[in-house]
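>>> structure, please.
(one chain, ligands or ions: 1)
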Amino acid sequence: MSTGDEVLLEARGLSKTFGHVRALQDANFSAGAGEVTALIGDNGAGKSTLVKCLSGAQQPDHGEIRFGGRPLRLDSPATAQRAGIETVFQDLALASDLDAATNLFLGRELVRPGVLGRFGFLDRRRMRAEAVQAFAELGVNLSDVRAPVAGLSGGQRQSVAVARSVAWATRLIFMDEPTAALGVVQRERVLDTIRRVRDRGVAVVLISHNMPEVLAVADRVEVLRLGRRVARFRAADTTLEELVGAMTGAIDREDQQ
Ligand SMILES: Nc1ncnc2c1ncn2[C@@H]1O[C@H](COP(=O)(O)OP(=O)(O)OP(=O)(O)O)[C@@H](O)[C@H]1O
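Predicted coordinates for the structure are as follows:
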């Protein structure tokens, strides 16, 4: 990375085609440990496709992904999770019939040893207590963590999805528009949470259309346009105008990096 930080995740030359649509065309991307990298770009620039390819939800047609200095083949989301990579998707991927606490632990339920030491029991009490704490940290007021998430507001569901990823990410977390459905207070809490996770040494990749939010929370910004990275900035050294210029094509700085 031109900034001299430790690169945790690096993608080189990723391409992904859907029929005639070239969603990614030789796209590069990098994210460093302990920093927030904003991934920005106009509608259809390829941001979600890039995140899906980097979190195992989709496979690129071409290109190389390196993680912690080694090639990493992401054939499924489970592979990414085992590597410490968590994702908050735009469509949230919650199990709507299950309650918030169960969603938080879905697939990773806490088990306490059985009396005979052979059979484990789901430790629901501990799961609920930890869920209440995780949601409180995000400023989410759920009157009942045992109610199915289908009955929650869009913002509450979004916070459940954020809480789940934050709880499990050990190395990298992708957040695709994590504040889109949130009110002002919850939005600030999520931004605080992003900073806290970053300060834990985790790499945070934030997709956002909200440029003031990007400038408030990101350390670096990478810009995609027409499926390619076209610019990178240090957030402290750039402006809203410059970011918009890179997204629309008025500025192309990738060759200078
Ligand atoms: N599963 C798919 N099938 C067909 N086309 C797709 C599919 N996924 C993405 N695309 C197309 O690929 C291009 C990039 O889409 P993508 O969702 O990655 O962009 P984006 O930058 O995340 O956009 P937005 O900000 O609007 O969410 C778009 O033209 C989109 O229509």
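
>>> run a quick neighbour tally on residue 125.
Other residues near residue 125 come to 11 when the count uses other Cβ atoms under 10 Å. For the C-beta atoms, the positions are set from N, CA and C on the backbone; glycine is no exception.

>>> need the phi and psi values for it.
phi -60, psi -50 (degrees, to the nearest 10).

>>> so how far is the ligand from it?
Remark: distance between residue 125 and the ligand (Cβ to the nearest ligand atom, to the nearest Å) = 39 Å.

>>> which elements pack onto the host helix or strand of residue 222?
Assessed by DSSP states H and E, residue 222 sits inside strand 220-225. If you count contacts as 3 or more Cβ pairs under 8 Å, 6 or more residues apart in numbering; DSSP states H and E, strand 220-225 packs onto strand 21-32, strand 36-40, strand 228-234, helix 240-248.

>>> let's see the pLDDT reported for residue 48.
Listed pLDDT for residue 48 reads 93.

>>> repeat that for residue 167.
pLDDT for residue 167: 80.

>>> residues contacting the nearest residue to it once chain neighbours are set aside?
The spatially closest residue to residue 167, leaving aside those adjacent along the chain, is residue 134, at 5.5 Å (Cβ to Cβ, 6 or more residues apart in numbering). Taking Cβ atoms under 8 Å, 6 or more residues apart in numbering, we find residue 134 in contact with 104, 163, 166, 167.

>>> what about those, which are in helices?
Of the contacts of residue 134, the ones assigned to helices by DSSP state H are 104, 163, 166, 167.

>>> can I assume the third one is in contact with residue 193?
Translated: residue 166. Yes - using Cβ atoms under 8 Å, residue 166 is in contact with residue 193, at 5.9 Å.

>>> which of those two has more neighbours?
residue 166 (25 against 21).

>>> how about that one, what does it touch?
Contact analysis of residue 166 by Cβ under 8 Å, 6+ apart lists 86, 134, 138, 173, 193, 197.

>>> does the fourth one belong to a helix, a strand or coil?
The three-state assignment at residue 173 reads strand, by DSSP: H, G, I helix; E, B strand; the rest coil.

>>> so what's the spatially most central residue of the chain bridging to?
Nearest residue to the geometric centre of the chain (Cα atoms, centre = their mean): residue 174, 1.5 Å. Beta-bridge partners recorded for residue 174 (DSSP bridges): residue 87, residue 205.

>>> wait, doesn't it sit right on residue 88?
Yes - between residue 174 and residue 88 there is a contact under Cβ under 8 Å: 6.9 Å.

>>> thinking again about what came up before, greatest separation within the ones in helices among the contacts of residue 134: which pair is it?
104 and 166 (10.0 Å; Cβ to Cβ).

>>> name the residues of the protein found near the ligand, please.
With the criterion set to Cβ under 6 Å from any ligand atom, the chain comes near the ligand through 18, 21, 23, 41, 43, 44, 45, 46, 47, 48, 49.
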